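Trainee: got a predicted model here, sequence first, then my questions.
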Amino acid sequence: MPPGSKPAGTVLTVPAEYWKQLKTRDIDQLCRLSLATLEPPRGLLLPFFNRSLLVDIENGVLRERIAGRWQPVDYPLLELVVQVYLLNVTKSPMTGERVSVNDLKDAHFFQGPHTLKTAPLLEIFGRNLAGFRAAAESLGGSKLDLADAAYMFLPLPKIPIYTLLWEGDEEFEANMTVLFDRSIERHLTADAIWGVVNLVSEMLLPKC
């Protein structure tokens, strides 16, 4: 998995305090709220796109299954997004209502360095719908009958991300829109929403 970075390019650091806070939470309630499953002795399995991550709360580490073994994940952006989700997720269900970033109460946050990270995707897939579809389906994206190509991703259980792509040509530039479920602000802060969109973008990009 690729490393995460801040808007200015500096490497993200994950506050140790977040792991400490998770250790104080009731694990059963945490599983119910986050739609994760208990993984003794003190961890949980959290759905992540089309697979699961082991959130090892006892040891303060995120793990993924590689070659049959749970290996530590060195991906600060993912670790941070997972922690913020677990610390803030509520009992609110998804509404099924799709909204744009401009419809969010903190819409002003998503400007300048916090503009949603779609430019790298447009550069790679703006004239390559087949490539976008292949990348989306490799992550378990659900195809939508929108735009020229569109998919719903589920990076976290209560956080659907809808990515709509219009292909560019000689006359029109490619365009991409990201939509959210109306409930997203009940579970994530504005900076965490920005982080989730970055996460989806990074997962879609070809790995060098």
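Mentor: The structure has been received and is ready for your questions.

Trainee: so what pLDDT did Val14 get?
Mentor: Per-residue pLDDT puts Val14 at 83.

Trainee: do you know how far it is from His114?
Mentor: Distance of Val14 to His114, given as C-beta to C-beta, to the nearest Å: 19 Å. Where C-beta positions appear, they are placed from N, C-alpha and C, glycine not excepted.

Trainee: which helix runs longest in this protein?
Mentor: helix 190-204 (DSSP state H).

Trainee: how about that helix as CSV, C-alpha atoms only?
Mentor: Provided in CSV are the C-alpha atoms of helix 190-204 (Å, rounded to 0.1, in the frame of the first residue of the first chain):
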residue,chain,number,x,y,z
ALA,A,190,-14.3,17.4,7.3
ASP,A,191,-10.6,16.5,7.3
ALA,A,192,-11.4,12.8,7.6
ILE,A,193,-13.8,13.0,4.6
TRP,A,194,-10.9,14.6,2.7
GLY,A,195,-8.7,11.8,3.8
VAL,A,196,-11.2,9.1,2.7
VAL,A,197,-11.4,10.6,-0.8
ASN,A,198,-7.6,10.7,-1.0
LEU,A,199,-7.6,7.1,0.2
VAL,A,200,-10.0,6.0,-2.6
SER,A,201,-8.0,7.9,-5.2
GLU,A,202,-4.7,6.4,-4.1
MET,A,203,-6.2,2.9,-4.1
LEU,A,204,-7.4,3.4,-7.7
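
Trainee: avg pLDDT for it?
Mentor: pLDDT averaged over helix 190-204 gives 95.

Trainee: where along the protein do the helices fall?
Mentor: Going by DSSP H, the chain shows helices at 16-23, 27-34, 76-88, 119-125, 129-138, 190-204.
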